[in-house]
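Novice: sequence first, then the predicted structure, then my questions.
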Amino acid sequence: MEDGAAAELFDGQSAIRHPVTLHWQDGGLAIARAEGAMEVIPAAVLTFNEHRGDRLVYGHRERAGWRLLVPADAAPALLARLPQGGKYGGWIDRFGLVRASVVLAVISAAAVAAVMTAPSWLGPMVPESWERQIGSALVGDLDKFACSTPESDAALAALVRQVDDGKTPVTVQLAKIDMVNAVALPGGRILIFDKLVQEAKSPDEVAGVLAHEVGHVRKRHVMQALLRQFGLSILLSGANSDIGGTLGGLATMGYSREAEREADAYSRMQLARSDISPAATAAFFGRLRKLDPTAGNKQLSYLASHPDTAEREQAFKAAVKRDEAYRPALTPAQFQALRQACAKDKDAEEWSLGWGS
Ligand SMILES: [Zn+2]
């Protein structure tokens, strides 16, 4: 009898063992839970994992921790359509167990190494259109937090032009968030938090920070960080992902030190291209170091996401050229428009810091 084989399911969400019944339906394995819920799993995503005691253990290619335990003496017609494992798993039978475990050890070491280093080499290879899709699925609607007036939009656009020479446009928004920070989000989106603009003593400081975030976008650090945080599954799940990313989580996504240095180098290069003095950015880092690190939401502060402020301050200071004719990144009127945007834009919602400390 093919229908109704009893099995047990761990769904990967919790440690609870669900009693289920199995049968084949529409080319997939229908798994019915005792309480009535049913799901059809396509045969192609099932994997044979191991022979454990008197049961066969199957996994799911896209769900970590998902395990289906089927009695080894279940109906042959049902077992025949599940992925085949043999006694120890197909090719292990042929090679013999001892040799296979050596091979397995080598393969798993290689796999671990590949996954550990994947973010840095794989990130830049992921098409930007994929990243945009993942980004919009993860981040959701941020526009309601954006402060915008015709004058501030023009000032922001003028700032972006001076610190970005990439081909695909980045989307930079001023966000009504009461934290000194700026973040690069998936899909080439950058948020400058209003508090940072309020704390900045000059437009050159905002330019330096913005250029740094543009650096993260252009060097594909955002995709690397996503891969590091969520694993390769983010590429498979993409827009249908239920990994539950939040702006809070994404904003605190850590970049490697190397990535931070690269973004800073990009920033200095852009400032030099536009004749903006890096001294202002150095001064900004200097003042940041003296801010109370316990004030406000620590997780989202610039200091939390960017350690080594002293080292960075030095690097920007060292980039100042003595006889260079520097000019301000924005006119006083443009900078003023930027500073007043959030107060003037009554539609902008204040971002709630309700995601915990
Ligand atoms: Zn950074």
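Specialist: Yes, it's here. Residues are numbered from 1 along each chain as shown.
Novice: any idea which helix or strand carries the residue most central in space within the chain?
Specialist: Computing the C-alpha centroid of the chain and ranking residues by Cα atoms, centre = their mean puts residue 226 first, at 2.7 Å. If you go by DSSP states H and E, residue 226 is part of helix 221-230.
Novice: any idea of the mean pLDDT for that helix?
Specialist: Across helix 221-230, pLDDT averages out at 76.
Novice: could you export that helix as PDB, CA atoms only?
Specialist: Provided in PDB are the C-alpha atoms of helix 221-230 (Å, rounded to 0.1, in the frame of the first residue of the first chain):
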ATOM      1  CA  HIS A 221      30.300  44.900   0.100                       C
ATOM      2  CA  VAL A 222      26.600  44.900   0.700                       C
ATOM      3  CA  MET A 223      26.100  41.600  -1.200                       C
ATOM      4  CA  GLN A 224      29.100  40.100   0.600                       C
ATOM      5  CA  ALA A 225      27.700  41.100   4.000                       C
ATOM      6  CA  LEU A 226      24.300  39.600   3.000                       C
ATOM      7  CA  LEU A 227      26.000  36.300   2.000                       C
ATOM      8  CA  ARG A 228      27.900  36.300   5.300                       C
ATOM      9  CA  GLN A 229      24.900  37.000   7.400                       C
ATOM     10  CA  PHE A 230      22.300  34.800   5.700                       C
END
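Novice: i'd like the first residue to be 32 from this point on
Specialist: Okay, using 32 as the starting number, the last item reads as helix 252-261.
Novice: report all helices and strands that it contacts.
Specialist: helix 128-153, helix 159-170, strand 213-216, helix 264-268, helix 288-304 (3 or more Cβ pairs under 8 Å, 6 or more residues apart in numbering; DSSP states H and E). Quick note: C-beta positions are derived from backbone N, CA and C, even for glycine.
Novice: who's residue 91 bridged to?
Specialist: With DSSP bridges as the criterion, residue 91 is bridged to residue 77, residue 94.
Novice: starting at the chain centroid, how far to stretch 197-205?
Specialist: How far stretch 197-205 lies from its chain's middle: 18 Å, per Cα atoms, centre = their mean, to the nearest Å.
Novice: that should have said stretch 349-363, apologies.
Specialist: Its chain's C-alpha centre and that of stretch 349-363 lie 34 Å apart, by Cα atoms, centre = their mean.
Novice: and residue 291, what is it in contact with?
Specialist: By Cβ atoms under 8 Å, 6 or more residues apart in numbering, the residues touching residue 291 are 337, 339, 343.
Novice: what's the closest non-adjacent residue to residue 364?
Specialist: residue 182 (7.9 Å; Cβ to Cβ, 6 or more residues apart in numbering).
Novice: please, which helix or strand holds that neighbour?
Specialist: Assigned by DSSP H and E, residue 182 falls in helix 181-194.
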